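**Q** mind looking at a prediction? Sequence and model below.
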Amino acid sequence: MTYKVPFVNYKDQYKVLKIPIQKAISRVLSEGQLILREDVLEFEKNLAKFVDVKYAIGVASGTDALMLSLRAAGIGPGAEVITVAHTFLASIASIVHTGATPVLVDIGDDYLMDARLIEKAITKRTKAIMPVHLNGRVCEMDAIIKIAKKYRLSIIEDACQALGASFKGKRAGSFGIAGCFSFYPAKILGAYGDAGAVVTNNKRIYERIRLYRDHGRKTKDKFVCYGVTSRLDNIQAAVLNVKFKYINQWILRRKMLARLYAKELGKIKEVTLPPFPDKNRDDVFQNFVIRAKRRDELKAYLTEQRIETIVSNPIPLNKQKALKLSQFSLPKTENFASDVISLPMIPELTDRQIQYVMKQIRTFYHI
């Protein structure tokens, strides 16, 4: 189906950036500089400056960023890491892949980790907290940091959906011992394939992840530990460097679209809007997620009207049998899974397209 309003639109973005993107890719290929070269270093500098941290390390994906950060923080078998189920599976999977045990707490009304529930989940095996800054909004970091300091726990931020978002003036990714980002194509800053990065102010974490991403290689012929292949390649870095010049413009457009949605959808009693920025937060709206009565019927109707929407985790992760997480009772997570739906939210959308989406939602609810 060709959607009248797509959820993502890689083609339209490429039309705008075609000349600089092609020029950057052509230069990389012409120079034959493909792995861990100047474009990667430039991207790491750009990212560190944007997040306002000392170091950034390009890796192969957001999932790898999480796994390597956990490993660099000394998390492994026998350890427990507190996180949430209202997230993409990678958050929990990264903990499992290190040999540690995920411990899940429920979310609050803002769809994010409820910091009030963390202390009850702490045991003598707890080593870290992984807050997930979902949908472009940062968690309540003051409370999380206070608990982490009290119990001497590391904070590894899953900021894969929150590049550019901030809490009390600090950017997502800059609060913990490490912050992890994904540059999957649908992200605010997206590569043309998989890509990720870790940011940190901790030199030890920085040096360890640089080793881990390249087989533990310190110099060309010297290996100082076992690592993996998780290098951000130069072509993706070159693409990201081009796109970085537009990120503030794209974030501003997302905020404008969110206000348009809120103005109209806020009038529909069957729809609950996502939380909006307050004096402490600057949200970037990676996704625009509403709660909607008769959600599945609404999604089917919008599809008929050629509007693409997404329902993330209709079966909560703690209810997925194969993941063996059913011991965690997460009523809000499970409740949210039954009625949340993500509407199109990309800078390439026109005001006319947004008006069409809102018109169809009003029509569905007979408004």
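**A** Yes, it's here.
**Q** drop to CA atoms for contacts and neighbour counts, all remaining ones
**A** Will do.
**Q** what's the domain layout of the protein?
**A** Following the assignment in automatic domain parsing, the chain carries domains at 10-244, 247-364.
**Q** closest to residue 4 out of those domains?
**A** Residue 4 lies closest to domain 247-364 among the domains of the chain, at 5.2 Å (C-alpha to C-alpha).
**Q** gap between the two ends of that closest one?
**A** 34 Å (C-alpha to C-alpha, to the nearest Å).
**Q** so how far is that domain from its chain's centroid?
**A** Here the centre of domain 247-364 is set off from its chain's centre by 15 Å, with C-alpha atoms, centre = their mean, to the nearest Å.
**Q** and what of stretch 29-46?
**A** Between the centre of stretch 29-46 and the centre of its chain there are 24 Å (C-alpha atoms, centre = their mean).
**Q** can you tell me which helices and strands the helix or strand containing residue 127 packs against?
**A** Taking DSSP states H and E as the definition, residue 127 sits inside strand 126-129. Where contact means 3 or more C-alpha pairs under 8 Å, 6 or more residues apart in numbering; DSSP states H and E, strand 126-129 is packed against strand 80-84, strand 154-158.
**Q** so how many other residues sit close to residue 359?
**A** Counted with other C-alpha atoms under 10 Å, residues neighbouring residue 359 total 14.
**Q** what's the following helix or strand after the strand holding residue 127?
**A** helix 141-151.
**Q** now that following helix: buried residues?
**A** Neighbour-count burial for helix 141-151 flags 141, 144, 145, 147, 148 (criterion: 16 or more other C-alpha atoms under 10 Å).
**Q** let me know the closest of those residues to residue 268.
**A** Proximity of these to residue 268 (C-alpha to C-alpha) peaks at residue 141, which lies at 31.9 Å.
**Q** list the contacts for residue 58?
**A** By C-alpha atoms under 8 Å, 6 or more residues apart in numbering, the contact list for residue 58 reads 40, 43, 44, 195, 196, 197, 198, 231, 232.
**Q** so which of the domains of the chain is the most surrounded?
**A** Among those, domain 10-244 has the highest mean neighbour count (mean count of other C-alpha atoms under 10 Å), at a mean of 20.
**Q** residue 324: which of the helices and strands packed on strand 126-129 is closest?
**A** Using C-alpha to C-alpha as the measure, strand 80-84 is the one of these that comes nearest residue 324, at 14.4 Å.
**Q** what helices or strands is the closest one leaning on?
**A** Against strand 80-84 (3+ C-alpha pairs under 8 Å, 6+ apart) you get helix 89-97, strand 101-105, strand 126-129.
**Q** what is the second one packed up against?
**A** Counting contacts by 3+ C-alpha pairs under 8 Å, 6+ apart, strand 101-105 packs against strand 80-84, helix 89-97, helix 118-121.
**Q** pairing partners for that strand, with directions?
**A** The strands that strand 101-105 pairs with in its sheet are strand 80-84 (parallel) (by DSSP bridges).
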